[in-house]
Each structure stands twice: as C-alpha cells, then as structure tokens.
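Enquirer: Here's my sequence, what's the structure:
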Amino acid sequence: MKKLWIIIPVIAIVAFVGFKVFAGGDNDGGEGIQFFKGGWEAALQKAKAEHKPVFVDIYASWCGPCKMLKRKTFTNGKVADYFNSHFINTSFDGEVGEGTKLAEKFQIQGYPTLILLDENGKVMMYEMGYQTPKELIGLVQQAQGQ
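Expert: So this is what the prediction gives:
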C-alpha cells in the first residue's frame, strides 16, 4: 500500500509533464506573444506613437496551421521576447468583424497570413502559412533589414 502512495504522484507528474510537452509545443517557458486588445486603428496609432512596426496575424477559426502557429510558434519564449519588445502585435479572424475588412484590404488568399507593417502602415513582409519559431524570427528580421 505504501508503494501506491509513491507511484500515484509519480504517475501524475509524468502525465502532467507529458501533456504540457505534447500540447504546448516548444514553449521555452515564455507566456507567448502579447497581442494588442484594441481595434485596428488603435493599433496603428499605438505603433506610430511608439515608433514600432505592426505585426498582423490574420487567421481563421477552422484553420489547422493557424492553430498550430498559435500553439507552437506564438508561445515560444524566443518568439515572444522578440515580438513583444519590437512590435505592436495584432491578431484578427479574417472571417469575423474587423478581420473581414483587413482580409479584404490585404487581399488575403489563405490562412494564416502574417504581415509586418512599418509604423506608417506600409507593408514590409507578407507571408502565408505555418512558420516555425526560427522561420518567423528570420522572416521579420529579414523584412527589417537585419
């Protein structure tokens, strides 16, 4: 009976760690990209005031690669640190509300579409599809001439 009291907590810990690794991807302990909670115009105003580019994630709720991007790439610690310090991050469902207008404005052909705009709203990067953490950081750094 004493062995059971030792085995149960060990099984619980192994199950919890396994779930976090499987469900969370390569999080690196970060909290993920912090997306701006206001609307599009407010994000542009914030970008201009802070002299930062705007990162735009346009997704669809049914899109598998979009879900994987959110689960694996946007939660990566290195991605989060870089994006949270360098950009005003926005995310919009391209089929709902304000996102439909943005999908039309940026002529979205597929999901996810990732766009980087300078502080004045000029497109610096336009990329479709899932990106690994390393690929995403590389894309935005290339767009910024780094």
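Enquirer: where along the protein do the helices fall?
Expert: 2-24, 40-50, 64-68, 77-86, 98-105, 133-143 (DSSP state H).
Enquirer: Go through the ones you listed and find the least confident stretch.
Expert: With a mean of 44, helix 2-24 has the lowest mean pLDDT of the helices of the chain.
Enquirer: tally of neighbours for L102?
Expert: L102: 19 surrounding residues under other CB atoms under 10 Å. The C-beta positions use only the backbone N, C-alpha and C, and glycine is treated the same way.
Enquirer: excluding its backbone neighbours, what's nearest it?
Expert: F92 (5.4 Å; CB to CB, 6 or more residues apart in numbering).
Enquirer: Then Q142?
Expert: Per CB to CB, 6+ apart, closest to Q142 is M125, 7.7 Å.
Enquirer: Okay, the one you found and V96: tell me how far apart.
Expert: 24 Å (CB to CB, to the nearest Å).
Enquirer: ok, the residue nearest to Q131 when sequence neighbours are not counted to G121 distance?
Expert: Leaving aside its sequence neighbours, Q131 sits nearest to T73 (CB to CB, 6+ apart; 6.0 Å). Relative to G121, T73 is positioned 24 Å away (CB to CB).
Enquirer: Those two: who's more crowded?
Expert: Neighbour count, other CB under 10 Å: between T73 and G121, T73 has more, with 25 against 11.
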